[in-house]
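A.B. asks: sequence? don't have it. structure:
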């Protein structure tokens, strides 16, 4: 007889894969439709601002004198009905008479005449206007009193219209997004780096050191922000880097107070006492245990700081203390649009739309991160 008990195969239990806290937080964040929609919108705005200029035929400072404050349109400029008047105006500036003008398949033919010999450099007057390009002499009369010019009609597209200086508003909105987003991220990183270390150090050391460090924060809080900006602009001049430094140097104060509050509750936890028993120094405990455990609230607060920084930069640009022409941010574009709101409302509408969408998206993402990283929401 065979021993059935010894021949029966062992039953193996399937392994259960666990999930880390980060995976659980990411799963909760993905379930938040508003946060995911905000993340997608931020991605699209970032691609529009940073990748869009690579595909635009215009630069942010390129001026089109023939298309000043034109309304948004998907049709190409110029209007064919206006080309004869443009050619006649160019001929008059060259002191010539336009006898005939025709346009066919994007190529124009103009016959000009004069009561004295025509200089071949006359073609420059036609190329100086935005409607014509690559003008050349096709035929010259033997007496040089008449000349036939040919060239191409230059078609330009302005989906967002142009500003009061004849610059493409689409490209300038892209540039404004680059500067506003860069200012928001750079100033937030500055406040993050200074505020987290300062607040964690103050809260962990406590006692007299904490009192002195917090009094310094309160003194800096009492300084008027606009007055500080004006003083720095007077001494160092207007610069985009100055905006980064000024906004970052003020925003870290709130970050330091939040991290200090988190640190006061963390330093009484058991893992901090265990680290002290192992002989770790104060800086090692702050770097390895305190700061990593404040990441959740800090990340949520950063999503609030970024739109606040963008608003601050827009406010400074609105006052004329921000970026200077020909550069532009959403704040300067909105300021210019507000001055021309009655005559050219599109100058205000388009930058305001992107500005509002960015702020709403950041708020939705911040709410989603707050819910995902909340340890009580399991």
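C.D. replies: Yes, it's here. None of these values were measured; they are calculated from a predicted model.
A.B. asks: can you pull out the strands in the stretch 51-200 of the chain?
C.D. replies: Applying DSSP state E, counting those that start in this stretch to the stretch 51-200 of the chain gives strands spanning 73-77, 97-104, 107-113, 132-140, 146-153, 156-158.
A.B. asks: could the ones you listed be laid out in a markdown table, adding distance to residue 33, mean pLDDT and mean neighbour count?
C.D. replies: The way it works is simple: take the backbone N, C-alpha and C, and place the C-beta from them, glycine included. Shown next, in a markdown table, are the strands of the stretch 51-200 of the chain (distance: least, C-beta to C-beta, whole Å; pLDDT from 0 to 100; neighbours: other C-beta atoms under 10 Å):
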| stretch | distance to residue 33 | mean pLDDT | mean neighbour count |
| --- | --- | --- | --- |
| strand 73-77 | 32 | 85 | 12 |
| strand 97-104 | 53 | 84 | 14 |
| strand 107-113 | 54 | 85 | 19 |
| strand 132-140 | 50 | 83 | 15 |
| strand 146-153 | 49 | 85 | 18 |
| strand 156-158 | 35 | 88 | 18 |
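A.B. asks: could you export those as JSON lines, including distance to residue 317?
C.D. replies: Shown next, in JSON lines, are the strands of the stretch 51-200 of the chain (distance: least, C-beta to C-beta, whole Å):
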{"stretch": "strand 73-77", "distance to residue 317": "28"}
{"stretch": "strand 97-104", "distance to residue 317": "43"}
{"stretch": "strand 107-113", "distance to residue 317": "42"}
{"stretch": "strand 132-140", "distance to residue 317": "35"}
{"stretch": "strand 146-153", "distance to residue 317": "38"}
{"stretch": "strand 156-158", "distance to residue 317": "23"}
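A.B. asks: of the ones you listed, which is nearest residue 83?
C.D. replies: Comparing the strands of the stretch 51-200 of the chain by their distance to residue 83 (C-beta to C-beta), the top pick is strand 97-104, with 5.8 Å.
A.B. asks: which residue comes closest to the spatially most central residue of the chain once chain neighbours are left out?
C.D. replies: Against the mean C-alpha coordinate of the chain, by C-alpha atoms, centre = their mean, the closest residue is residue 177 at 2.5 Å. Spatial nearest neighbour of residue 177, excluding adjacent residues (C-beta to C-beta, 6 or more residues apart in numbering): residue 49 at 3.0 Å.
A.B. asks: what's next to the strand or helix carrying that neighbour, contact-wise?
C.D. replies: Secondary structure from DSSP states H and E places residue 49 in helix 33-50. Outside helix 33-50, the residues that touch it by C-beta atoms under 8 Å, 6 or more residues apart in numbering are 29-30, 174-178, 181, 354, 357-358, 360-365, 367-369, 371-372.
A.B. asks: next: stretch 171-185.
C.D. replies: 45-46, 48-50, 52-53, 56, 58-60, 62, 160, 163, 240, 243-244, 247, 306-307, 309-310, 313-314, 323, 327-333, 350-351, 354-355, 358.
A.B. asks: now do it, average pLDDT.
C.D. replies: Mean pLDDT, computed over stretch 171-185, is 88.
A.B. asks: chain center to it: distance?
C.D. replies: The chain centroid and the centroid of stretch 171-185 are separated by 2 Å, computed with C-alpha atoms, centre = their mean, to the nearest Å.
A.B. asks: would you mind measuring from the nearest residue to residue 139 once chain neighbours are set aside to residue 98?
C.D. replies: Sequence neighbours aside, residue 148 is the residue nearest to residue 139 in space, at 4.0 Å (criterion: C-beta to C-beta, 6+ apart). As judged by C-beta to C-beta, to the nearest Å, residue 148 and residue 98 stand 12 Å apart.
A.B. asks: now do the shared contacts for those two.
C.D. replies: Listed as contacting both residue 148 and residue 98 by C-beta under 8 Å, 6+ apart are 110-111.
A.B. asks: walk me through the domains of the chain.
C.D. replies: For the chain, automatic domain parsing gives the domain ranges 38-56+161-373, 78-155.
A.B. asks: deepest-packed of those domains, please.
C.D. replies: Of these, the one with the most neighbours on average (mean count of other C-beta atoms under 10 Å) is domain 38-56+161-373, at a mean of 18.
A.B. asks: now do that one: distance from first to last residue.
C.D. replies: Terminal residues of domain 38-56+161-373 lie 17 Å apart, using C-alpha to C-alpha, to the nearest Å.
A.B. asks: residues contacting the residue nearest to residue 139?
C.D. replies: Residue 148 neighbours (C-beta under 8 Å, 6+ apart): 109-111, 137-140.
A.B. asks: who does it bridge with?
C.D. replies: Counting by DSSP bridges, residue 148 forms beta bridges with residue 111, residue 139.
A.B. asks: any idea how far it is from residue 94?
C.D. replies: For residue 148 relative to residue 94 (C-beta to C-beta), the value is 14 Å.
A.B. asks: can you check residue 180 too?
C.D. replies: Taking C-beta to C-beta, one finds residue 180 at 44 Å from residue 94.
A.B. asks: ok, residue 172 next?
C.D. replies: Residue 172 is 33 Å from residue 94, by C-beta to C-beta.
A.B. asks: then residue 234?
C.D. replies: 49 Å.
A.B. asks: and residue 159, by the same measure?
C.D. replies: Counting by C-beta to C-beta - residue 159 and residue 94 are separated by 33 Å.
A.B. asks: then residue 287?
C.D. replies: Per C-beta to C-beta, residue 287 is found 73 Å from residue 94.
A.B. asks: got TSV for the domains of the chain, with distance to residue 66 too?
C.D. replies: Formatted as TSV, the domains of the chain follow (distance: least, C-beta to C-beta, whole Å):
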stretch	distance to residue 66
domain 38-56+161-373	7
domain 78-155	4
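A.B. asks: show the average pLDDT along stretch 331-340.
C.D. replies: 84.
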